[in-house]
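> coordinates for the following, if possible.
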Amino acid sequence: MSHPGQYSSFTDVAIVEAVRTPWIDLGGALAQVSPIDLGIKVGREVLARAAVDPAAVDSVLAGSMAQASFDAYMLPRHIGLYSGVPQAVPALAVQRICATGFELLHQAARQLEQGVQLALCVASESMSRNPIAAYSHRDGFRLGAQVAFKDFLWEALYDPAAGLDMIATADNLARRHGLSREAVDRFALDSHQRALQAQAAGWFEPELVALGNERFELAGYQPRQLDLPRGVERVTHDSHPRPTDLAALQRLRAVHADGVQTAGNSCALVDGAAAALVARTSSTPGPVLAHLLASAVVGVAPEFMGIGPAPAIQWLLQRSGLSLGDIGLLEINEAQAAQVLAVAQVLELDRERLNRRGGAIALGHPLAASGLRLVLTLARQLREHNLRYGIASACVGGGQGMALLIENPAYRG
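Sure, this is the predicted structure:
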């Protein structure tokens, strides 16, 4: 192999605007909402906030991991149509598991090189609506057959190639990098404290779109409906960040007897959606959220899948001609605490530049949507602190890592 992964650089690509719903715990207020309807809501909202006519959109890209509704195949198309995008504009499904949100932006940038002017990117995930599924009963059940219905959500976290679930891959990293249970619990505590501080200060509010009961009309077609549970009128903030302490985290049982990962120091399972508009910087008259400069994606050993961000970031920096010292802030998805600590150890990354508003341990990880949230949160922080470059990255189940390099368009050196 002549190189360790795939690298793409972009010129004249802007993330014009981005929004997200609140991230809501598994089984919570969004548990019965289709990811299509969550996607429509953020699609409409990002266009409204950017003051962009939906008729200007000439590409729709959308991603969702779970088959969370019977019309899941239609997710990209219906998000586009009910967001007001012209009927003639095509829609494409994009999937790179936990890096799907990054891949949406990468694919949009590539489409701009081929003549697209404005792309609507939407990622929507309902972890709650993952089905109890069977794959071998199309022809019915024979007498005495062993009926194999399984929990899709749990089974999807298992990699049969490695013979391990995702938690076990993080435990592998903890052993390889000498990470103690106390170290990973302290990281989780810090994630919660940072997220709670940001939430209390109202820091997340500008990136959130509140949800209520809403009807989505499309002339000539059946309406769609976003329905919250009885007694819930509005969903306005992330539900998972909560006060805790080290003693409480250390009382939790490890998922695997010889491991360090628990429910408290792993990412929360949540439902949510996010959207972004991608266009040419030169053709965007107003201010933009960020410049998208480059992306990198690499493969790693499935049994150590969580280390993926480290080589992805290293490859991104090498090809971009930058050093880690040039990067003001990084957002690395917190799949598991041991996984992020291992990445930080390999990169020799100081904690003060990493996930300063908390991460997925505190906020949650709606698989396809996390990448867009990481980029949105990162871009806002770069502007807030007048920093030029930022990197968002995530590990990917099966053994991959992906990273994006963005630039603050308002940077003043």
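> correct me, but Thr244 touches Gly264?
Yes - assessed by CB atoms under 8 Å, Thr244 is found in contact with Gly264 at 7.3 Å. Placement of C-beta: from N, CA and C, glycine included.
> next, count neighbours for the residue lying closest to Arg280 once chain neighbours are set aside.
Nearest residue to Arg280 in three dimensions, chain neighbours excluded: Asp12, at 5.1 Å (CB to CB, 6 or more residues apart in numbering). Counted by other CB atoms under 10 Å, the residues lying close to Asp12 total 15.
> try the one 3 residues further on
Other residues near Ile15 number 26, with proximity taken as other CB under 10 Å.
> now the host helix or strand of it, how far from the centre of its chain.
Assigned by DSSP states H and E, Ile15 belongs to strand 13-20. Averaging C-alpha positions (CA atoms, centre = their mean, to the nearest Å) puts strand 13-20 14 Å from its chain's average.
> need the contact partners of the helix or strand following it.
Next in sequence after strand 13-20, counting helices and strands by DSSP H and E, comes strand 24-25. Contacts to strand 24-25, defined as CB atoms under 8 Å, 6 or more residues apart in numbering, come from residues Leu30, Val235, Asp238, Ser239, His240, Ala268, Leu269, Val270, Asp271, Gly272, Gly364.
> save these as TSV, and put in neighbour count too.
What follows is the contacts of strand 24-25, written out as TSV (neighbours: other CB atoms under 10 Å):
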residue	neighbour count
Leu30	33
Val235	23
Asp238	24
Ser239	21
His240	23
Ala268	23
Leu269	22
Val270	28
Asp271	32
Gly272	32
Gly364	29
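> host element of Leu292?
strand 290-299.
> and that strand, average pLDDT?
For strand 290-299, mean pLDDT is 98.
> flag the shaky bits of the chain, pLDDT-wise.
1-3 (pLDDT under 70).
> do a quick rundown of the helices in it.
Listed in chain order, the helices of the chain (DSSP state H) span 35-49, 75-82, 100-113, 152-155, 166-176, 181-200, 246-251, 309-320, 337-347, 360-363, 370-385.
> can I get the fifth one in CSV, CA atoms only?
Spelled out, that is helix 166-176. C-alpha atoms of helix 166-176 as CSV (Å, rounded to 0.1, in the frame of the first residue of the first chain):
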residue,chain,number,x,y,z
MET,A,166,-17.5,-2.4,20.8
ILE,A,167,-17.0,-2.2,24.5
ALA,A,168,-14.5,-5.0,24.4
THR,A,169,-12.5,-3.2,21.7
ALA,A,170,-12.2,-0.3,24.1
ASP,A,171,-11.1,-2.6,26.9
ASN,A,172,-8.4,-3.9,24.5
LEU,A,173,-7.1,-0.3,24.1
ALA,A,174,-7.2,0.2,27.9
ARG,A,175,-4.9,-2.9,28.3
ARG,A,176,-2.6,-1.9,25.5
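> that helix - contacts with which helices or strands?
strand 158-159, helix 337-347 (3 or more CB pairs under 8 Å, 6 or more residues apart in numbering; DSSP states H and E).
> more neighbours: which of Thr244 and Gly264?
Just comparing Thr244 and Gly264: by other CB under 10 Å the higher neighbour count belongs to Gly264, 20 against 16.
> can you report how many residues lie near Ser136?
Quick note: Ser136 (other CB under 10 Å) scores 9 neighbours.
> residue contacts, the residue lying closest to it once chain neighbours are set aside?
Spatially, and ignoring its direct neighbours in sequence, Ser136 is nearest to Ala148 (6.3 Å; CB to CB, 6+ apart). The neighbours of Ala148, taking CB under 8 Å, 6+ apart as the test, are Ala134, Tyr135, Ser136, His137.
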